[in-house]
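Colleague: what shape does this take:
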Amino acid sequence: MKKYAGLSAVIITGLILAMSLSGCFKSPTDPYSGGSSGSTAGITANNTDTTTTGISATASQVTTSGVYLSVVNQTGNPIQSSYFKGANYQVTYNGSAIPSGSIRLSTASGSGQAISSSLVLDYSGSMSSDIANLETAAGTFVNNMQAADRGEIIKFGTTVVREQIYTADKTALHTAITRATSASGVTSLYDATYMGITDTARETGQRAVIAFTDGYENNSTIITSQTALINAAKANGVPIFTVGLGSADSTGLQAIASQTGGFYYSAPTSAQLAAIYSQIAQVFNNTVILSWPGFTYQSGATITITITYICASGTYTSSVNVILP
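Modeller: Below you'll find the model as predicted:
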């Protein structure tokens, strides 16, 4: 991997959720208020959105193409990329302000880039009654993939098995998901997620690992600590989105997601998994690639971005700080 593809030191302010908001806030004073449309200063208001009460943003990658930004509301649903223009962003690069009029925006899904996602699925013994819902959820994610998108399937219990290497063939992905696999053994979560990281690091464009578990790591032999897993993800520029079922290790899963540029989702029961995997697919499809003339990847540079979103229920902001390795 070229160094610029790695995002090994990401500090995200105002971030992560467990189906509830953490670290984002409604602006106490609304500098964009006024006017009958509720939209000034070049920001287009989403007057149909009456449910958002906060936003959370993350910078999942930085490459020579720009900064990949995702924004979700307090329930984990993505804010549509069409509501973000240059005026929505206040950006400084190494302390110098970037004029909003010079900011260029695109999306991976709109630019023809493939979105590559590794689905890491827990088949340990405690999952025996939830496998059907898990496989339905993973299938829902595959159905939401665009034509150019690529995916892989990894299953784990005591051992880790790569059921399907990266492919754009949805039929092959569905076959790998539903291939008979019994739930058994313990939880090699870190090793399975690490396999997803190393495979995904070889992909181009927008990339992510989606790691699901209903429990706690208790069996990995290659990556034996949360810190080592997070460092591996950062070194390879691969964000980890985590999904925890029931009494899963929510604290650990939140930390893994927040420190690698992903989001954490909690499912009280497996019946909620399909909706969550659909949410994550929509987050990927609405990720914005932010750049400006003269943008370069400079090791040690600091990028600070404040995102503003105006909707019928108010004005909300979230800030992201990125230190390039």
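Colleague: contact partners for the most centrally placed residue in the chain?
Modeller: Per Cα atoms, centre = their mean, the C-alpha nearest to the average position across the chain is that of Gly262, at 3.7 Å. For Gly262, the residues meeting the contact criterion (Cβ atoms under 8 Å, 6 or more residues apart in numbering) are Thr58, Ser60, Ala208, Val209, Pro239, Ile240, Phe241, Thr242, Ile256. Every C-beta, even on glycine, is put in place using the N, C-alpha and C of the backbone.
Colleague: that one and Ala108, how far apart?
Modeller: Gly262 sits 15 Å away from Ala108, going by Cβ to Cβ, to the nearest Å.
Colleague: do Tyr309 as well
Modeller: Plainly put, Tyr309 is 20 Å away from Ala108 if you go by Cβ to Cβ.
Colleague: can you check Tyr89 too?
Modeller: As for Tyr89, its distance to Ala108 is 18 Å (criterion: Cβ to Cβ).
Colleague: ok, so of the contacts of Gly262, who is nearest Gln282?
Modeller: Checking these against Gln282 by Cβ to Cβ gives Phe241 as the nearest, at 12.2 Å.
Colleague: that closest one contacts Val209, correct?
Modeller: Yes: when contacts are counted by Cβ atoms under 8 Å, Phe241 is listed as touching Val209 (7.1 Å).
Colleague: pretty sure Ser291 sits against Leu69.
Modeller: No: the criterion here is Cβ under 8 Å, and Ser291 misses it with Leu69 at 10.9 Å.
Colleague: more crowded one of these two?
Modeller: Leu69 (25 against 18; other Cβ atoms under 10 Å).
Colleague: the closest residue to that one other than its chain neighbours: neighbour count?
Modeller: Closest residue to Leu69 apart from its sequence neighbours, by Cβ to Cβ, 6 or more residues apart in numbering: Val288 at 5.0 Å. For Val288, the neighbour count with other Cβ under 10 Å is 22.
Colleague: please name the residues that touch Val288.
Modeller: Counting by Cβ under 8 Å, 6+ apart, Val288 touches Tyr68, Leu69, Ser70, Val71, Ser81, Phe84, Leu105, Ser106, Thr107.
Colleague: now the two most distant members of these.
Modeller: Val71 and Ser106 (15.2 Å).
Colleague: tell me the pLDDT at the residue nearest to the centre of the chain?
Modeller: Here the pLDDT value assigned to Gly262 is 96.
Colleague: which of the three states applies to it?
Modeller: Applying DSSP: H, G, I helix; E, B strand; the rest coil to Gly262 yields a three-state assignment of coil.
Colleague: any weak-confidence spans in the stretch 1-150 of the chain?
Modeller: 1-41, 109-112 (pLDDT under 70).
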